[in-house]
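Asker: Give me a 3D structure for the following:
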Amino acid sequence: MKFYVAKKGETLHSISQEYGVRMKSLLKLNAMKPNEELITGQKIFFQ
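Answerer: Okay, here's the model as predicted:
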């Protein structure tokens, strides 16, 4: 499984757009809620 390390100011939405991954998929794989904020340095997993 691949992962991305979140940078300051990024959101799940911006990461999903950049990598062409659905938000729903990111939320499920990372056990996150839709409005949850990312922490700088947080690993975001995707397939």
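Asker: And the pLDDT for residue 14?
Answerer: For residue 14, the model assigns a pLDDT of 95.
Asker: how many neighbours does it have?
Answerer: 13 (other CB atoms under 10 Å). Where you see a C-beta, it was placed from the backbone N, CA and C, and this is true even at glycine.
Asker: dump the residue contacts of the residue nearest to the spatial centre of the chain.
Answerer: In the chain, the residue lying closest to the centroid (CA atoms, centre = their mean) is residue 12, at 4.0 Å. When contacts are counted by CB atoms under 8 Å, 6 or more residues apart in numbering, residue 12 touches 23, 26-27, 30, 32, 36, 38, 44.
Asker: quick one: terminal-to-terminal distance for stretch 37-47?
Answerer: For stretch 37-47, the first-to-last residue distance is 21 Å (CA to CA, to the nearest Å).
Asker: What are the buried residues along it?
Answerer: 38, 44, 46 (16 or more other CB atoms under 10 Å).
Asker: Turn the residues you listed into TSV, including secondary structure.
Answerer: Listed next are the buried residues of stretch 37-47 as TSV, based on DSSP: H, G, I helix; E, B strand; the rest coil:
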residue	secondary structure
38	coil
44	strand
46	strand
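Asker: which parts of stretch 23-39 are buried?
Answerer: 26, 30, 32, 38.
Asker: Show me how far the host helix or strand of residue 16 is from its chain's centre.
Answerer: For residue 16, the host element (DSSP states H and E) is helix 12-19. Relative to the centre of its chain, helix 12-19 is centred 7 Å away, using CA atoms, centre = their mean, to the nearest Å.
Asker: residues in contact with stretch 17-35?
Answerer: Contacts for stretch 17-35 (CB under 8 Å, 6+ apart): 1, 4, 12-13, 15-16, 44-47.
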